[in-house]
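>>> Return a 3D structure for these sequence lines:
(2 chains)
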Amino acid sequence: MHQPRLKSKVRCTDREVGEITHVIVDPLSHEVSHIVVGGNGGGGRQIPMSEVQSIADDLVQLRTASGALTQFPPLKREDYVTTHEVEIAHLEDHLHVESGEVLVPLPTLERNVPRRTFFMNLTHAIGALVALPLAFPVLKYLMKPMYSPFDNAWLKVGNVNRIKTEDVGVQFKYKKKVKEAFMPEADVDKNVWLLKASPDVLEEVYKGKDMEFRDQAGRLVWTNKKDVPYVVFSGKCPHLGCGYKWRKVPKLGKEIFLCPCHLSIYEPSGKVLDGPAPRPLDTLPIRVDAGGNVEIIDMEFKAGTKAQTRIV
Amino acid sequence: MSSQPNLLEKVIAFVDERVGLKTLQAKMLNEPVPGGSRWAYIFGSVLLFIFIMQAVTGILLMFYYVPSADHAYASTQYIIHEVDYGWFLLSYHFWGSSAMVIMVFAHMSQVFLWGAYKSPREMIWLVGLALFGIVMGFGFTGYLLPWDQRAYWATTVGVEIMDKTPIVGDFMARFLKGGATPGQMTLSRFFVIHVMILPAALMGLAGLHIFLFRKAGPAGPFRGTPEELKAKTDYFFPRQIWKDMVAMGAVFATICSLAFIEPVVLLEEATPDPGEYHPEPEWYFLFLFQLLRLKIFSGEFGQFLGAIAIPGVFMALLAALPFIDRSPERNIFKRPVALIGWIVVMATILIFTVSAIINREFLD
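Have a look, this model is predicted:
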């Protein structure tokens, strides 16, 4: 059955009683549930759709006689809101209570459809013309500070006379001068761990070979000799980059390097004893002069990888 | 009483004629809530409220805060110790972020348990997941800004985790840090992400979220015949709005109390030397932090598994959820897999968070 339309004439079994003034919609089913008949004897009664026998273009036929209309309640307007004042999803999508489509003429100039398509495409083209040439400069602009050359300068970190016992990690704090972009040069606190290694530990660190450090171009920067007993470890945990400590662990009955973040544990030689770390502690270039002064090259390596990749 | 409208009524009529305020207001308020208003539906409104308060307090903090490596810490300390009520606004902003994360979890849980992500609401769910990501991004970027040790180390580890993404990880981490290690460039980037990019993204997506929600209409309860639901239906205003307002008031009072009882205290200024500080992320990232301590997530591959693959697969599963779970059944008591899944995820998060907290003692 069609939906009853506003302004349609309403006829009872005996006579015409007026026209539809309102249509009431069920908010759940979205179907028309009642019509309200006004004028000539309708009396603004709310008539359920079950009383509607048929709907023609402009005429709604009821099953009731006109005399029986008073059994239906009159419309209490204050109990309703209009569809413009309520938000029910898709309510208006299948309501056809207006008599036919409501049309607005296109302006004469807009009646040429292909041109509208052309202008739509042109809009996109100009948008792309603006955006595409910007993509590369913007990317380069944002990437500016991402890659910087390595600094292979030697830094003084202290004197080995602080180390009293073999195979015990001793933290050496030092300041590194950092000049970042436009910022004034700043002293940044850093630290490394020094170890006076016993021959056994030294063997574990160097595995009988000198350790070579190279720059990006592959040129040799420095060689740690395998017989120098002082070993220096980068202060950065090779798991995820936290700072680790030297701790006595009662459970193990010995002293080890422990990272408090994810609980990686390293032997004095830097070898992973337990925890999630993927590789041993990173050994740095070290040189110790006759007076015991220690200098290092401050290097940092990418954390979390099995291979050692230098990033600073 | 005269029938002539008074001046105020004239002004209102003037504006309404040009803006259509009354229709707009009617549309906003007259939204049928199938089955009637419920306390279970408060979370979306509460999130919007928390976000507005975060925006207000955040803007106020920017009156004094300077996002530079040599002033960020000092300006934050200045806000805490010198500026009248600065400690309160900063602490409100700090606790507000935790409230936001809690409410996001509550909101997502409610939608999940009620089966409200199902057809035709898949897009609302997807946009909601993006909003979840944005809220976590807010937490992560905002954490660095005070530039104390806690901030510095949470960022160091967090970005290292991102670095573990295959192929693009190194680029992404350097892009975010603006270099190989955290510094001024990182602070600048996190700042602009925190105060410009994420708020714009959140406002846009939250708008879309609400638009899609209004378009599909509320899902309503997961039980009851259409007749029962219709009988209990009311409009968004006033019963649901009343419940929302009570919840907002309670959240506001809670955040204020926390700000008074536990105001923000900074640690020492950020340096690449942690000293005696044991790095730890904010509580809502603790479970992930603890997860990465597990032996099965050791080594390069294990780390990828724990830090990238598992969270990634979990998020992908959430995104695919409305497309995998196509049964129209919404009653959580008739969806055993969903119910058990939710309990397992929540219990895992809880267990890992608690064990991270217990682990603190072992370290001291």
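
>>> Okay, now the unreliable bits of the chain?
This is for chain A. Residues of chain A that meet the criterion pLDDT under 70 lie in A:1, A:40-43.

>>> wrong chain, I was asking about chain B
Within chain B, the stretches with pLDDT under 70 are B:1-2, B:364.

>>> tell me the strands in it, going along the chain?
For chain B, strands defined by DSSP state E occupy the ranges B:32-33, B:234-235.

>>> The last one packs against which elements?
Packing partners of strand B:234-235 (3 or more CB pairs under 8 Å, 6 or more residues apart in numbering or on different chains; DSSP states H and E): strand B:32-33. Where you see a C-beta, it was placed from the backbone N, CA and C, and this is true even at glycine.

>>> what's the burial count for the closest residue to B:Gln77 other than its chain neighbours?
Excluding the flanking residues, the one nearest B:Gln77 by CB to CB, 6 or more residues apart in numbering or on different chains is B:Leu266, at 6.2 Å. B:Leu266: 18 surrounding residues under other CB atoms under 10 Å in any protein chain shown.

>>> Check the one 10 residues further on too.
Counted with other CB under 10 Å, residues neighbouring B:Glu276 total 10.

>>> ok so, going back, please name the residues that touch the residue nearest to B:Gln77.
B:Tyr73, B:Thr76, B:Gln77, B:Ile80, B:Pro146, B:Asp148, B:Arg150 (CB atoms under 8 Å, 6 or more residues apart in numbering or on different chains).

>>> Adding neighbour count, write those out as TSV.
Below are the contacts of B:Leu266 laid out as TSV (neighbours: other CB atoms under 10 Å in any protein chain shown):
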residue	neighbour count
B:Tyr73	23
B:Thr76	24
B:Gln77	16
B:Ile80	19
B:Pro146	25
B:Asp148	23
B:Arg150	21
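
>>> Which ones among these lie within helices?
In helices, defined here by DSSP state H, the members of the contacts of B:Leu266 are B:Tyr73, B:Thr76, B:Gln77, B:Ile80, B:Arg150.

>>> Please report how far the second one lies from chain A.
Just to be clear, that refers to B:Thr76. 18 Å (CB to the nearest CB, to the nearest Å).

>>> Disregarding residues adjacent in the polypeptide, which is nearest to that residue?
Nearest non-adjacent residue to B:Thr76 (CB to CB, 6+ apart): B:Pro146, at 4.4 Å.

>>> hang on, that neighbour packs against B:Tyr73?
Yes - judged on CB atoms under 8 Å, B:Pro146 makes contact with B:Tyr73 at a distance of 6.7 Å.

>>> any residue of the helix or strand in which A:Leu129 is found up close to chain B?
Assigned by DSSP states H and E, A:Leu129 falls within helix A:113-143. Yes - contact between helix A:113-143 and chain B, assessed by CB under 8 Å from any CB of the partner chain, occurs at A:Leu142, A:Met143.

>>> So in that sheet, which strands flank the helix or strand just after that helix, and in what orientation?
Downstream of helix A:113-143, the first helix or strand assigned by DSSP H and E is strand A:154-159. With DSSP bridges as the test, strand A:154-159 is paired with strand A:293-297 (antiparallel).

>>> who's in contact with the strand it pairs with?
Here strand A:293-297 has contacts from A:152-160, A:172, A:192, A:194, A:213, A:221-222, A:230, A:232, A:284-289, using CB under 8 Å, 6+ apart.

>>> Buried subset of those as a ChimeraX selection?
Selection of buried members from these for ChimeraX, criterion 16 or more other CB atoms under 10 Å in any protein chain shown:
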select /A:155,157,158,160,172,192,194,213,222,230,232,284,285,286,287,288
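
>>> and residue 6, how many neighbours does it have?
This is for chain A. Residues within reach of A:Leu6, counting by other CB under 10 Å, total 14.

>>> wait, I meant chain B there
B:Asn6: 9 neighbours (other CB under 10 Å).

>>> Also the one 5 residues further on?
The local packing of B:Val11 (other CB under 10 Å) involves 11 other residues.

>>> show me what contacts it?
Not one residue lies near B:Val11 by CB under 8 Å, 6+ apart.

>>> gap between it and chain A?
Taking CB to the nearest CB, one finds B:Val11 at 22 Å from chain A.

>>> what do you get for B:Leu292?
According to CB to the nearest CB, B:Leu292 and chain A sit 5 Å apart.

>>> now the helices: where do they sit in the stretch 101-250 of chain B?
B:122-144, B:149-163, B:169-177, B:184-192, B:198-216, B:226-232, B:241-261 (DSSP state H, counting those that start in this stretch).

>>> so which of the ones you listed gets nearest B:Asn331?
When the helices of the stretch 101-250 of chain B are compared by CB to CB, helix B:226-232 sits nearest B:Asn331, at 13.6 Å.

>>> Could you list every helix and strand that that closest one packs against?
Using 3+ CB pairs under 8 Å, 6+ apart, helix B:226-232 is in contact with no helix or strand.

>>> need the contact list for the nearest residue to B:Gln290 once chain neighbours are set aside.
Of all residues not flanking B:Gln290 in the chain, B:Ala356 sits nearest, at 3.8 Å (CB to CB, 6+ apart). By CB under 8 Å, 6+ apart, B:Ala356 lies in contact with B:Glu280, B:Leu286, B:Phe287, B:Phe289, B:Gln290.
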